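Trainee: Structure for the following, please:
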Amino acid sequence: MKRIGILSDTHMNKSDAFLEEIVSKHFADVDFIIHAGDLVSNEVLDVFSQMDKEVIAVCGNMDDYDVRHAFPVSRT
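Mentor: Have a look, this model is predicted:
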């Protein structure tokens with residue numbers, strides 16, 4: 001069985017202490033992470049790179065050009 005961590009609508013320009021606390025508490029034992037859009041900036045995902053977890057993401061309507069260029073609008 002795989003454990004999946006799911007979040008969305010972080011609406012942040014970069015990670016901060018609050019997001020890092022949430023991630024370390026709730027995402028430590030997941031196999032991979034899904035971010036369901038509205039990251040705003042790719043730098044938000046840096047918090048997961050420290051955990052060596054695969055991140056699957058899509059872009060949302062609030063995301064900047066870099067996020068829209070890096071991630072599709074939907075994934076199946």
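Trainee: Can you give me the pLDDT of residue 17?
Mentor: pLDDT, residue 17: 93.
Trainee: For it, what are phi and psi?
Mentor: Per-residue torsions, residue 17: phi -60, psi -40 (degrees, to the nearest 10).
Trainee: Just give the number of residues close to it.
Mentor: Close neighbours of residue 17, defined as other CB atoms under 10 Å, add up to 7. C-beta coordinates here come from the backbone N, C-alpha and C atoms, glycine included.
Trainee: With residue 27 instead?
Mentor: Neighbours around residue 27, by other CB under 10 Å: 19.
Trainee: what does residue 57 give?
Mentor: With other CB under 10 Å as criterion, residue 57 counts 23.
Trainee: ok, what's across the strand from the nearest residue to it once chain neighbours are set aside?
Mentor: Excluding its sequence neighbours, the residue lying closest to residue 57 (CB to CB, 6 or more residues apart in numbering) is residue 35, at 4.1 Å. Per DSSP bridges, the residues bridged to residue 35 are residue 7, residue 57.
Trainee: Looks like residue 35 contacts residue 45 (just checking).
Mentor: Yes. Under the criterion of CB atoms under 8 Å, residue 35 lies in contact with residue 45, with a separation of 6.9 Å.
Trainee: Can you pull the residues that touch both of those two?
Mentor: Listed as contacting both residue 35 and residue 45 by CB atoms under 8 Å, 6 or more residues apart in numbering are 55, 57.
Trainee: Residue 3 touches residue 31, doesn't it?
Mentor: Yes. Using CB under 8 Å, residue 3 is in contact with residue 31, at 5.3 Å.
Trainee: OK, contacts around the residue positioned nearest the centre of the chain?
Mentor: Compute the mean C-alpha point of the chain, and by CA atoms, centre = their mean the closest residue is residue 35, 4.1 Å away. By CB under 8 Å, 6+ apart, residue 35 lies in contact with 7-8, 10, 44-45, 55-58.
Trainee: Now list the buried members of the residues you listed.
Mentor: The neighbour-count test (16 or more other CB atoms under 10 Å) marks 7, 10, 44-45, 57-58 as buried among the contacts of residue 35.
Trainee: now these as CSV including distance to residue 20 and pLDDT?
Mentor: Formatted as CSV, the buried ones among the contacts of residue 35 follow (distance: CB to CB, whole Å; pLDDT from 0 to 100):
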residue, distance to residue 20, pLDDT
7, 13, 95
10, 12, 94
44, 11, 91
45, 12, 91
57, 18, 96
58, 22, 97
